[in-house]
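**Q** How does the following fold in three dimensions:
(2 chains)
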Amino acid sequence: MTDREPTIDHPSVGVARVTAGYRGHEVSRRLSLSIEQGSRTALVGPNGSGKSTILKTLARLIKPLSGAVYLNGRDISGLPTREVARRMAILPQVHEAPPELTVLELVSQGRFPHVGALKMLRHQDDEAVREAIRLTRLEHLMDRSVDTLSGGEQQRAWMALALAQKTDLLLLDEPTTFLDVGHQLDLLGLVSRLNREHGVTVVMVLHDLNHAARFADRMIAILDGEVVADGTPAEVLTPGLLRECFGVEASVMEDPWTGAPMCIPHTTIPSGDVESE
Amino acid sequence: MTATAAGLARREGVARSTLRYRLAVAVLAAVLVALMLLYVMLGPVLFSPDLVLKALAGRPEEPLHRIAVREVRLPRALMAAVAGAMLSSSGALLQSVLRNPLAAPATVGITQGAVLGAVLALVLTFGSEGALDDLNTLVPLAAMAGGLAAGGLVYGLSYRRAGADPLRLILTGVVVAAALSAATSFLVLVSGSHTDSIIRWLVGSLSTRTWEHLRFLVPVAVLAVPLVVAAVPVGNVLQLGDATAGSLGLRAELARAGVLAAAVVLAAGAVSVVGGIAFLGMMGPHLARTLVGSDLRRLVVGSALVGAIILVAADLMARTFSLDWIPLLNVETESGSRIPVGAFTALVGAPFFICLLRARA
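**A** Okay, here's the model as predicted:
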């Protein structure tokens, strides 16, 4: 298997005419999307819009009901799952470490797709694990049980697990939920650095629209499983979209610090009004 | 400076947990060997370590020593160690892969299945020409089949659409366990015979166990080793949750079935010779976890050692204590007034269980 040179024709990951969801409950129908190599994409949308389901489908954690998911131009369902795991890592929304599992033991598991089950019986302390721990600044916590760490530290530990997988594609499902504002900026800053310095392609589901506008270069707004807006943050984060997608009246202005668009929601619009417009 | 300090901390950190693991294994192994020696020394006739070694080496001072040491006490001590190790490591695999601290062979029905198998074999053949008593190795065979069948049944009943979800596995296991023990009680009631040996199966006992039984147990244990070796790295990934396991390139459902199979073989094998020993499969891994952590590579080894120690110690007590001194009880059974070892593990296990629940609350 030779690695293809990344081009626009071979997007990092994409879905083609995918119907995603669960039997009897289709979340999105015949959806097509493609993510360019080296980009940072934020999926935004109201609760229940299907953005997490779409991310899980991209991550092959949910099988599409129809259509196909592509990874580097190849149908993901035809690729061995361990090979996929060497190219794509997912940070799931909820995770719980078993008690008494240390940070190092957790992060080491990131080597599983690379070395295989039997070699995992040996101690894994290679460069990838050390780099993941360094990037997430967990050196001093390596020997601590994950369940004794603070929320921010725990999220960094799980992030380190995904980084130890050494993939060039990283999918994050609401990575900042449960984090305070400092830890949120910290984590998204790390994601941006990985993208800038290591060329990691990032797709993340974010609830905070201002974070999405600041830390992504492409925003995709999802409503009822369909793409309602797709473009740069300036193109997507508009009062019109906020009205249509989230049902809120809001002002959008320029963030004086970063220059990215920034929204301030004012009031919710009673449902029904949006439809009639 | 920070980089160096961090580097030092890291090296120290790794060394600390590894050192701790090695120390724990060394201490546990030493305790196990010492307990087993004590086990062989103690009994109606006391032997000095010197006499034990002579008897083991085949140069006993009296022929009777050889019989007492090599034919009676040694096989029973070995059986306790092997069965304890199997039950406890089975519990470690179950707790990790089902992500539940209460998981154990006896909470998911494997133990009850094996006990039912043994009791069925005893009851069905009673009174016939080929009547089995619990010395016959056909009984362990039937027990083994019962344990494996129970494991399969629980998995099958939990399977819906894409797989068997861990929580559903546990809940199904609890229900199946209850149903199987009800079936066993029913059998005991209607047969009205063999009650003494049946009770020993229910509670778990090592009395009258000889090389004959060890010859059945050891091959099962040896067969389980490659299964466990394969289950450990997979279970390590699986205990991080299905989504993370999927991200790491593991087919969670297939992996779970494989690890469960290893746990079922271990537990069914152990129960098929020692009966339904209570709490050991849950206690062992918990104690081991506090010593060596949750990485299955270490947890399985630690659990095996702790389980062996618990069962050897409990059986030593079971052999040593008798109820003869309570005249009121006037106990007279075919096995004498000995308390089955399972009663001891239950006696220690029940309070342990309560403490565990309270500590988690």
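**Q** Tell me, how many residues neighbour the one residue in the stretch 1-150 of chain A that gets nearest to chain B?
**A** The nearest approach of the stretch 1-150 of chain A to chain B comes at A:Ala85, 2.9 Å away (Cβ to the nearest Cβ). In this view, the C-beta of every residue, glycine as well, is placed from N, C-alpha and C. Neighbourhood size, A:Ala85 [other Cβ atoms under 10 Å in any protein chain shown]: 24.
**Q** Skipping adjacent residues, who's closest to it in space?
**A** B:Gly249 (2.9 Å; Cβ to Cβ, 6 or more residues apart in numbering or on different chains).
**Q** Report the secondary structure state of that neighbour.
**A** Assigned by DSSP: H, G, I helix; E, B strand; the rest coil, the conformation of B:Gly249 is coil.
**Q** which residues sit in contact with it?
**A** Neighbouring residues of B:Gly249 by Cβ atoms under 8 Å, 6 or more residues apart in numbering or on different chains: A:Pro80, A:Thr81, A:Arg82, A:Glu83, A:Val84, A:Ala85, A:Arg86, A:Phe112, A:Pro113.
**Q** where's the fifth one, which helix or strand?
**A** Under the criterion of DSSP states H and E, A:Val84 resides in helix A:81-85.
**Q** helix or strand right after that helix?
**A** Sequence order places strand A:88-91 as the next helix or strand after helix A:81-85, per DSSP H and E.
**Q** possible to save the contacts of B:Gly249 as JSON lines with pLDDT?
**A** JSON lines is the format used below for those (pLDDT from 0 to 100):
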{"residue": "A:Pro80", "pLDDT": "94"}
{"residue": "A:Thr81", "pLDDT": "93"}
{"residue": "A:Arg82", "pLDDT": "93"}
{"residue": "A:Glu83", "pLDDT": "93"}
{"residue": "A:Val84", "pLDDT": "94"}
{"residue": "A:Ala85", "pLDDT": "95"}
{"residue": "A:Arg86", "pLDDT": "94"}
{"residue": "A:Phe112", "pLDDT": "94"}
{"residue": "A:Pro113", "pLDDT": "94"}
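**Q** List buried residues within those.
**A** Listed as buried from these are A:Thr81, A:Arg82, A:Val84, A:Ala85, A:Phe112, A:Pro113; burial here means 16 or more other Cβ atoms under 10 Å in any protein chain shown.
**Q** can you count the residues close to B:Leu202?
**A** Neighbourhood size, B:Leu202 [other Cβ under 10 Å]: 23.
**Q** Return the alpha-carbon coordinates of the helix or strand it falls within using PDB.
**A** Using DSSP H and E, B:Leu202 sits in helix B:195-203. The C-alpha trace of helix B:195-203 is given here as PDB (Å, rounded to 0.1, in the frame of the first residue of the first chain):
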ATOM      1  CA  THR B 195     -27.300 -33.800  49.300                       C
ATOM      2  CA  ASP B 196     -24.000 -33.900  51.000                       C
ATOM      3  CA  SER B 197     -21.800 -33.900  47.900                       C
ATOM      4  CA  ILE B 198     -24.300 -31.600  46.100                       C
ATOM      5  CA  ILE B 199     -24.000 -29.000  48.800                       C
ATOM      6  CA  ARG B 200     -20.200 -29.200  48.500                       C
ATOM      7  CA  TRP B 201     -20.500 -28.400  44.800                       C
ATOM      8  CA  LEU B 202     -22.800 -25.500  45.500                       C
ATOM      9  CA  VAL B 203     -20.600 -23.900  48.100                       C
END
